[in-house]
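Novice: Prediction below, plus the sequence it came from.
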Amino acid sequence: MTEAVLDARSLRGTWLADLLLLAVAVVWGTSYGVAKGAVALYPVLAYLAVRFLITFALLLPALVKSGAANARASLKIGFPLGLVLLSVFLCETFGLALTTASNAAFLISMCVVLTPFAEWALLGVRPSAADLLATVVSLLGAFLLTSGLAVSLNGGDALILAAALLRAVMVTLTKKRSAGKAVDSLSLTAIQTGTVGFGCLLLATLAVPGGMPPLPADPRFWYATIYLVVFCTIFAFFVQNYAVRRTSPTQVNLLMGTEPVFGALFAAVWLGERLPPAMWLGGLLMVAAPLWTMLRRR
């Protein structure tokens, strides 16, 4: 999929961007269960290095083909964004090791609340009353979806909250640095994923005893890796870079903030987990908030 193909179709502009962002939320919602199986077979930092370096290798031909001028522009914009994305993954990875999954799911949803204020600070766009209402409804949904947990703000909670803030900053910076620039979203994605991949490779080499271990031969590892690379990395980050130039950072994170909803549905349908009524209501609120803003803008 290329940006030229997307722009040539009849469904252009923000409707297409919004629908693609919902698709990202769906695949990201399934990613936790898939990634859990992969990291059970390989150290987390080393696995992130493998996942993102494979992604970078797949996108490198597109970056080279785009021409030297586009590659330089992509590097100038994408490298700092890649460093922010690397920080997001590090905070999430180590935060998850120190807190509960429900705490993490709720606190990462705080990026929805933080994004309007990041947009105000970095872009000078003051959040509207409707946007603030949508973020509060989405946060209430996240609270119900995670069953009314008690957050103690231990070290793990603080890292997840930092990841939420960094997510808000990253989406807003992507808007600020790429809006109106003649840079291809696929090339930008290549630079970002390459930055994360090489950063994780360096950290894994330093942190994992004995350096990077041999890659597993287990087919489950490679099935999971292929899914995460193609759908949860290439597709997801391309869509984010594509969409943020066509809609607001607040709307981007409202839509991608529905990720826990699809994760819960995946757990219920695929894993057979039972969801209480409060979780269903929470999921409904998290989906209703961005859909309401979509319809309101139209």
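Specialist: Sure thing, it's come through. It should be emphasised that the depicted structure is a prediction, and the values quoted were computed from it without experimental measurement.
Novice: for the stretch 51-200 of the chain, what spans make up the helices?
Specialist: Remark: helices assigned in the stretch 51-200 of the chain by DSSP state H, counting those that start in this stretch are 68-96, 101-108, 110-123, 129-145, 155-178, 185-207.
Novice: Can you point out the buried residues in the following helix or strand past the last one?
Specialist: Sequence-wise, the next helix or strand downstream of helix 185-207 (DSSP states H and E) is helix 219-229. Applying a neighbour-count criterion of 16 or more other Cβ atoms under 10 Å, the buried positions in helix 219-229 are 221, 224-225, 227-229. Backbone N, C-alpha and C define where each C-beta goes, glycine included.
Novice: Which of the helices of the stretch 51-200 of the chain has the lowest mean pLDDT?
Specialist: Lowest mean pLDDT within these: helix 101-108, at a mean of 69.
Novice: what's the host helix or strand of residue 289 packed up against?
Specialist: Using DSSP H and E, residue 289 falls within helix 277-297. Where contact means 3 or more Cβ pairs under 8 Å, 6 or more residues apart in numbering; DSSP states H and E, helix 277-297 is packed against helix 13-39, helix 129-145, helix 249-256, helix 259-269.
Novice: Report the rounded mean pLDDT for the first one.
Specialist: If you average the pLDDT over helix 13-39, you get 79.
Novice: how far away is residue 40 from residue 220?
Specialist: Going from residue 40 to residue 220 by Cβ to Cβ, to the nearest Å gives 9 Å.
Novice: ok, now residue 19?
Specialist: Applying Cβ to Cβ, the value for residue 19 to residue 220 is 31 Å.
Novice: go on, residue 200?
Specialist: To residue 220, residue 200 is 21 Å away according to Cβ to Cβ.
Novice: One more: residue 109?
Specialist: From residue 109 over to residue 220 the distance is 29 Å, taken as Cβ to Cβ.
Novice: what's the nearest residue to residue 279 if we skip its chain neighbours?
Specialist: Spatial nearest neighbour of residue 279, chain neighbours left out: residue 145 (5.3 Å); criterion: Cβ to Cβ, 6 or more residues apart in numbering.
Novice: pretty sure that neighbour is touching residue 287, no?
Specialist: No: if you go by Cβ atoms under 8 Å, residue 145 and residue 287 don't touch, sitting 10.5 Å apart.
Novice: The two: which is more packed in?
Specialist: Shown here are residue 145 and residue 287; by other Cβ atoms under 10 Å, residue 145 has more neighbours (28 against 19).
Novice: quick revisit: between the buried residues of helix 219-229, which sits nearest residue 69?
Specialist: Of all the buried residues of helix 219-229, residue 69 sits closest to residue 229, with 27.8 Å by Cβ to Cβ.
Novice: How about the contacts made by the closest one?
Specialist: Applying Cβ atoms under 8 Å, 6 or more residues apart in numbering, we find residue 229 in contact with 51, 54-55, 58.
Novice: still on that earlier bit, what mean pLDDT does the helix holding residue 289 get?
Specialist: Mean pLDDT, helix 277-297: 74.
Novice: Give the intersection of the neighbour lists for residue 145 and residue 287.
Specialist: Counting by Cβ under 8 Å, 6+ apart, the common neighbours of residue 145 and residue 287 are residue 261.
Novice: Pull up the gap between residue 179 and residue 193, please.
Specialist: As judged by Cβ to Cβ, residue 179 and residue 193 stand 21 Å apart.
Novice: more crowded one of these two?
Specialist: The neighbour count for residue 179 versus residue 193, taken as other Cβ under 10 Å, is higher for residue 193 (28 against 11).
Novice: Give me the neighbour count for the residue nearest to the more buried one when sequence neighbours are not counted.
Specialist: The spatially closest residue to residue 193, leaving aside those adjacent along the chain, is residue 55, at 4.3 Å (Cβ to Cβ, 6+ apart). By the criterion of other Cβ under 10 Å, residue 55 has 24 neighbours.
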